[in-house]
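Chemist: Below: sequence and its predicted model.
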Amino acid sequence: MDVTVDRAADGEGWTLKDLLGRSMGKVAEGPPSRFTIRPEGHALETMEGINLGPHASLDDALAEIERHTRGVCRRVDKESE
C-alpha cells in the first residue's frame, strides 16, 4: 500500500494518507529526535503489528511503514504544488 506523507498543517508531525486521500494517521515527533507512528482509521488494521517506535528519524519511521505495508511512502513536495 502506497502512502502519501505531508507535513501536518499545525506543524506537529507528518500526516499519512492513502492514494485516495483517506487518513492513515500520522508520524509524531517528540524530543529528542523521536518519531512515533500513530495509525488511525482503516490503517489500524493495515498497520497491526508494526513497530510504532520511537524511531531515530522520520526516514526510519517511513522505512518501517514501507516494510510493513510492502508499499512506498511518497513525501509531498510543497514547492511543486
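Modeler: Noted; the coordinates are in hand. Numbering: from 1, shown residues only.

Chemist: Run a quick neighbour tally on the residue nearest to residue 43 when sequence neighbours are not counted.
Modeler: Closest residue in space to residue 43, ignoring its immediate chain neighbours: residue 24 at 3.7 Å, by C-beta to C-beta, 6 or more residues apart in numbering. Quick note: C-beta positions are derived from backbone N, CA and C, even for glycine. Applying other C-beta atoms under 10 Å, we find 24 other residues in the vicinity of residue 24.

Chemist: now swap in residue 54 and tell me
Modeler: 16.

Chemist: Next: residue 56.
Modeler: What residue 56 shows, counting by other C-beta under 10 Å, is a neighbour count of 12.

Chemist: average pLDDT across the biggest strand by length in the chain?
Modeler: Longest among the strand segments of the chain by residue count, using DSSP state E, is strand 23-30. Throughout strand 23-30, pLDDT has a mean value of 93.

Chemist: and if you look at stretch 2-13?
Modeler: So the average pLDDT for stretch 2-13 ends up being 89.

Chemist: Would you mark the buried spots in that stretch?
Modeler: 3, 4, 5, 13 (16 or more other C-beta atoms under 10 Å).
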